[in-house]
Every structure is written in structure tokens, then in C-alpha cells.
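*Asks:* With the input below, show me the fold.
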Amino acid sequence: MSLLSGFYSLPIINKYYRKKEVIQRILNSPVQNNTDVVNLHRYDPTNIGDFYCGVHHYFEPVKGKHLDIFDYKREDPKVRDNWFEKITQNALIIGGGGLLNREGFDSQMKLFEQLGAKGKKTVLWGVGHNAKEKSTYGKIRQYNVDTTKFGLVGVRDYGMKEEWVPCVSCMHPIFDEKHEVKNEIGVIFHKKTLNDKSVLKKFEAFPSTANNAVFEDVVQFIGETDTILTDSYHAMYWSLMLGKKVMVFPNSSKFYNFKYQPVISSFGNFEADLKKVQSYSGVLEECREANIKFSEKAFDYLGL
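*Replies:* Next comes the predicted model:
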């Protein structure tokens, strides 16, 4: 290994040891309290799906009580210490988002599983599988954690053995707003796809936005469009809730196992599949009802 390659691997090594140290410190802590509650999810304002899938946005007992699930690996020791403190002192609401069957969340989810087995109050709320390997698409039948070790479980994947609880972002009042349809077809890109010039070129004739845009603008775009084409999970979800026809270009397993399955296609073959798209009615109401019922059980279990 050259000195140069060794230099560039140092941040990766340091991050690995930061993560390991925090997790071991939590597992070795003699104190595991359920004093209050904290909601862990991917708290990322640059990805509106990740950001708005947190329970703390919508239910009063959790307002202001959030924690980024990635904070355990930050360089700032104060951020890591805060993560340690919040985890050891509080009951945990984990979700939403694609936190299962995904390497980037594996260490944290296994930690929460072990804490649940030790008596920590833990709730999985609206989480789902998110495997990148194409061989898993439409074929996942179990998760990479033992969900029986958690106190209460609701997953966004329909047809699993666990209770179906779709993403809590359905509770946002913005979805009650009405819009006049202006576009026949519109495209919502995942922010990573914005780096693929060939894809952008292929869809340049259609109005488009991305999941790193302003949330209100994206919802308005959906409302004003009859058919949505997307590789963003939450763009798919919100479009189905608003009664739109939806086609998805899957980049992980998360696009499968939704109760109201959209048309699965590809960037290269979408024209041929457009005739298959359909809309569903009552999705928003059903998703909200499922979350309200689950919230009653969750807050009763957590004593809130």
C-alpha cells in the first residue's frame, strides 16, 4: 500500500473506531434508563424524505426530541457524547426510513435490538428494508434484526409478519391542500441522480424536481402533476397518497412491498410502461389511520 493510499484510508479507519467505541460504551453502560423518549432517524434536511419521516414532527409527546441516527460516528466528540447520553437515558422511537437490511444502519439497529433485549423501551415506527443488491428486489421476507426483541413494532413494508405502519410523514397537513393539475408527466429525481447527466438528458423534455428541493415545492409539484416518475421512495409515497399515477425506477429494495404498488420500470424503458400506470384512492386516509392507531399503542407503552 502506498503512502498516499494509506493517507486517504485514515478517515475511514478513524470513523470505524469512533462508531465501535460509542456502541461499546453504550452496551457497557450500567445505566439504561427510560426517563423520557428520543426519536432516531436520518435527520437530513438535504433529503426531505429522510427529514420528514421522523415521528417528532407530528406527535406532541415527541416534539423536539430527535436525534440523527448517524451522530454516533461524527468527528466532534461532543456530538458523540450527546448520542451516548440520549440513548442511555431515554426510551427509543426508531424511524421512520429505510433503516433495515442496509449496511449503513446495521450497527445502530443491532445496538437497538440488544438494548431492547436488555429492557430498554424500544419502538420501531414506519421503518422498512432498504437493501441495495438487485437480487433482493421484491424478495425480502425477513429483516436483519430480530424484531421480537423490540417492545413495539410497525413497519412500512406491507405483507411482512410485523404490523403495517406506513411512513408517518402522511400526518403532515400539507397533504390536505388542493392543487390544479398542470403537468401530464413530471419527474422527481433522487438527489444522487442529479449527477447522472445521461439520465437528466433523457428526461429533459419533462418538468422535474428532486428530493433535495424545498418540501413544500415538491408537494406542490406532485399536486400539479397527473403522472409522477421517480427514483425517490418518498416521492413515490407522497404521490400515491395524493392519488397520482406513479412509476418508479428502483435503486433499492424499498420500492417493493408497498401496499399500493406502483409500476416498476427503468430509465431506459419507461415509455413502454407508461400505459400501465394507475392511481389509487383513499391511500392518505388509510395511512393516517394506521399511524394514529399505532401512536395510541406506542404512547401507552412508553407511558407518555
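*Asks:* What strand or helix carries residue 285?
*Replies:* Secondary-structure assignment from DSSP states H and E places residue 285 in helix 283-302.
*Asks:* for that helix, which positions count as buried?
*Replies:* 283, 284, 286, 287, 288, 290, 291, 294, 295, 298, 299, 302 (16 or more other C-beta atoms under 10 Å). In this view, the C-beta of every residue, glycine as well, is placed from N, C-alpha and C.
*Asks:* all helices of the stretch 151-300 of the chain, in order?
*Replies:* 197-202, 215-223, 233-241, 270-273, 283-302 (DSSP state H, counting those that start in this stretch).
*Asks:* Ok, which of the ones you listed comes nearest residue 57?
*Replies:* Comparison of those against residue 57 by C-beta to C-beta identifies helix 215-223 as nearest, at 10.7 Å.
*Asks:* Nearest to the spatial middle of this structure, which residue is it?
*Replies:* The chain has residue 97 as the residue nearest its centroid, 1.6 Å off, counting by C-alpha atoms, centre = their mean.
*Asks:* That residue contacts residue 50, doesn't it?
*Replies:* Yes: using C-beta atoms under 8 Å, residue 97 is in contact with residue 50, at 5.8 Å.
*Asks:* Contacts for the helix holding residue 285 next, please.
*Replies:* 34, 37, 58-59, 61, 91, 93, 121, 123, 125-126, 151-152, 154, 163-168, 170-171, 175, 240-243, 260 (C-beta atoms under 8 Å, 6 or more residues apart in numbering).
*Asks:* Also stretch 22-32?
*Replies:* 72-73, 80, 83-84, 87-89, 107-108, 111, 114-115, 118-120.
*Asks:* Give the rounded mean pLDDT of that stretch.
*Replies:* For stretch 22-32, the mean per-residue pLDDT is 94.
*Asks:* Model confidence at the residue lying closest to residue 215 once chain neighbours are set aside, what's the number?
*Replies:* Nearest residue to residue 215, sequence neighbours excluded (C-beta to C-beta, 6 or more residues apart in numbering): residue 48, at 4.5 Å. pLDDT for residue 48: 96.
*Asks:* count of neighbours near residue 118?
*Replies:* Residues within reach of residue 118, counting by other C-beta atoms under 10 Å, total 11.
*Asks:* what do you get for residue 209?
*Replies:* Look at residue 209: counted by other C-beta under 10 Å, it has 20 neighbours.
*Asks:* list the contacts for it?
*Replies:* Residue 209 is in contact with 186, 187, 188, 189, 217, 218, 221, counting by C-beta under 8 Å, 6+ apart.
*Asks:* Most neighbours out of these, which is it?
*Replies:* Most surrounded of those: other C-beta under 10 Å gives residue 187, at 28 neighbours.
*Asks:* Wait, it touches residue 232, no?
*Replies:* No: using C-beta under 8 Å, residue 187 is not in contact with residue 232; the gap is 10.0 Å.
*Asks:* pLDDT averaged over stretch 109-128 - what is it?
*Replies:* Mean predicted lDDT for stretch 109-128 stands at 96.
*Asks:* surely the residue nearest to residue 215 meets residue 234?
*Replies:* Yes: taking contacts as C-beta under 8 Å, residue 48 lies within contact range of residue 234: 6.9 Å.
*Asks:* what do the two both touch?
*Replies:* residue 211.
*Asks:* Quick check: which ranges of this protein have low pLDDT?
*Replies:* When residues are selected by pLDDT under 70, those of the chain lie in 1-13.
*Asks:* got the residue ranges for the strands in it?
*Replies:* Secondary structure of the chain by DSSP state E: the strands cover 36-41, 66-68, 90-94, 97-100, 122-129, 152-155, 163-164, 183-189, 208-210, 225-230, 245-248, 263-264.
*Asks:* I'd like to know which elements the fifth one is packed against.
*Replies:* This points to strand 122-129. Judged by 3 or more C-beta pairs under 8 Å, 6 or more residues apart in numbering; DSSP states H and E, the packing partners of strand 122-129 are strand 90-94, strand 97-100, helix 103-117, strand 152-155, helix 283-302.
*Asks:* Just send those back as TSV, with distance to residue 228 too.
*Replies:* Output for these, formatted as TSV (distance: least, C-beta to C-beta, whole Å):
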stretch	distance to residue 228
strand 90-94	29
strand 97-100	19
helix 103-117	27
strand 152-155	24
helix 283-302	13
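*Asks:* Let's have the strands of the chain in TSV, adding distance to residue 16.
*Replies:* Listed next are the strands of the chain as TSV, based on distance: least, C-beta to C-beta, whole Å:
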stretch	distance to residue 16
strand 36-41	21
strand 66-68	18
strand 90-94	22
strand 97-100	20
strand 122-129	24
strand 152-155	29
strand 163-164	35
strand 183-189	32
strand 208-210	31
strand 225-230	34
strand 245-248	34
strand 263-264	36
